[in-house]
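**Q** A predicted structure for the sequence below; I have some questions about it.
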Amino acid sequence: MCKIDPKDQLKPYFPPARPSVENLSALCSNGGSRPRYPESCIPPLGHAYFRRKATAVNRVEAWFSQCCQRDVAKEDQQILCCVKQAWETALSQFCTDEFSAMTIAYGCCKKKDEERWSCFDKKAPNPSYQPHAGYTAPSVPSDMIFTWEPSTLNSADQLMVPYSPSKIPSNPNSKPKRGTGKKIIHHGLDKHPFQHFNSQFIPLGGGQNIDPDVLLESSFPPAQPSLTNLNAICLHGSGRDRYPASIFPPSGYAYARRAGNAVNRLEAWFSQCCNEDVARGNREILCCAKQAWEAALSQFCTEEFSTMTMAHECCERKGEDRWNCFTKQAPNPFYKSLPGYLAPVVPADRMFTWDPNTC
């Protein structure tokens, strides 16, 4: 049984307040006495809006705990940076879930950037992160993985890096053409471009520059797993593209980020499927890989529809039509690796659990 009635008791705890120097101590020390909302507390039918808010609370509390352990962040300044990033990530995902529900979204979600964060903070019923008297929180693991990006500690410095006007794409915030089925030939792509950079372009060598939207055309969308490409999926994963956050300029390129995240998730989940501790034999591995592929692209489409811009055309389709659309547009149907490239480790930001019963 739930010690707290979730429907009645969520209001005093959502939205969570923005982490600050003033509430950081309580945020970390009182975490075990603030409410969680395990699945058993939520009625099995209906209450979808409540479920989304409760999930956001569970996520942010799990991620706060991760930040406060000092194994991840050492000093108070780092911990504050970590919990702020966790808070923004949890509420951003809440807004993504809100917009995907096809109902009236939470008011703060309709705002952007600092206006959104200020809106949530003003509505927070527990700004000082006080505990609930006599309550011990159950363990509720987050359904998503959070990885703190320490480089945001110096984000102001990154934004002050001078850009060379001759090397900046003409409009980094312009909407990319997507879902056209056309492929772009990348000159010199065998010399892989991924490096840390401080300008709004990625160097390809030989004086050529290319922006992230164009670069993604070599790997997105990924092809549907099949018996024809399964061996390459499993053997060549470390030689295919990854898109760590550090390769993107500090602003813009939202579509490229979503597509890059989809590739990162899928490659991490492919690695999981190809590990024989999860699935055994080609039949099970293929089933797992297909399920991972559909889950990654489904999440991509959910994020596409939440952005209030034109979604990828394949996302507009349903069922098998959607999967066929993505497969036809895949630029690398045989999952070939890039010569001389070793992929960085980019953990998936969401968990994937293979369901063998679907095979």
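**A** On my side now, so go ahead.

**Q** mind listing the helices for the stretch 151-300 of the chain?
**A** 155-159, 212-215, 230-235, 254-274, 281-305 (DSSP state H, counting those that start in this stretch).

**Q** now the ones you listed as JSON lines including mean pLDDT?
**A** Shown next, in JSON lines, are those (pLDDT from 0 to 100):
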{"stretch": "helix 155-159", "mean pLDDT": "32"}
{"stretch": "helix 212-215", "mean pLDDT": "58"}
{"stretch": "helix 230-235", "mean pLDDT": "88"}
{"stretch": "helix 254-274", "mean pLDDT": "88"}
{"stretch": "helix 281-305", "mean pLDDT": "90"}
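
**Q** May I see those arranged in TSV, with mean neighbour count and distance to residue 68 as well?
**A** Using the backbone N, CA and C atoms, a C-beta is placed for each residue, glycine as well. Output for the helices of the stretch 151-300 of the chain, formatted as TSV (neighbours: other CB atoms under 10 Å; distance: least, CB to CB, whole Å):
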stretch	mean neighbour count	distance to residue 68
helix 155-159	11	21
helix 212-215	21	33
helix 230-235	18	38
helix 254-274	22	26
helix 281-305	20	28
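
**Q** As a check, name the ranges of all strands in the protein.
**A** 202-205, 208-210 (DSSP state E).

**Q** Can you give me the neighbour number for residue 122?
**A** 12 (other CB atoms under 10 Å).

**Q** what residue of this structure is the furthest out?
**A** residue 134 (35.3 Å; CA atoms, centre = their mean).

**Q** so how far is residue 247 from that residue?
**A** 48 Å (CB to CB, to the nearest Å).

**Q** Next: residue 53.
**A** 33 Å.

**Q** Next one, pLDDT for residue 26 please.
**A** Note for residue 26: predicted pLDDT of 89.

**Q** shouldn't it be in contact with residue 126?
**A** No: counting by CB atoms under 8 Å, residue 26 stays clear of residue 126, with 9.5 Å between them.

**Q** okay, these two: which has more neighbours?
**A** It is residue 126, of residue 26 and residue 126, that has more neighbours when counted by other CB under 10 Å, with 19 against 16.

**Q** who touches the residue nearest to residue 296 when sequence neighbours are not counted in this structure?
**A** What sits nearest to residue 296 in space, not counting adjacent residues and going by CB to CB, 6 or more residues apart in numbering, is residue 266, at 4.0 Å. Neighbour list for residue 266: 222, 292, 293, 296, 297 [criterion: CB atoms under 8 Å, 6 or more residues apart in numbering].

**Q** Residue 314: neighbour count?
**A** A total of 23 residues lie near residue 314 under the criterion other CB under 10 Å.

**Q** Now it: closest residue in space that isn't a chain neighbour?
**A** residue 325 (3.7 Å).

**Q** Likewise for residue 88?
**A** Nearest to residue 88 is residue 117, by CB to CB, 6+ apart, at 6.6 Å.

**Q** Could you tell me which residues make contact with that neighbour?
**A** 18, 88, 91.

**Q** Would you check how far apart the second one and residue 325 are?
**A** For residue 88, the distance to residue 325 under the criterion CB to CB works out to 33 Å.

**Q** Also residue 87?
**A** 36 Å.

**Q** Those two - which one has more neighbours?
**A** Using other CB under 10 Å, the more surrounded residue of residue 87 and residue 325 is residue 87, with 25 against 19.

**Q** tell me the contacts of the more buried one?
**A** With CB under 8 Å, 6+ apart, residue 87 has these contacts: 16, 18, 19, 60.

**Q** Skipping its backbone neighbours, what lies nearest the first one in space?
**A** Think residue 16. Closest to residue 16 by CB to CB, 6+ apart is residue 60, at 5.4 Å.

**Q** likewise the third one?
**A** The shortest distance from residue 19 to any non-neighbouring residue, by CB to CB, 6+ apart, is to residue 83 (4.2 Å).

**Q** before we move on, what about the second one?
**A** Closest residue to residue 18 apart from its sequence neighbours, by CB to CB, 6+ apart: residue 121 at 4.1 Å.

**Q** That neighbour contacts residue 19, doesn't it?
**A** No: checked against CB under 8 Å, the pair residue 121 and residue 19 is beyond contact range at 9.7 Å.

**Q** between those two, who's got more neighbours?
**A** Here residue 121 and residue 19 are compared on neighbour count by other CB under 10 Å; more neighbours surround residue 19, at 25 against 18.
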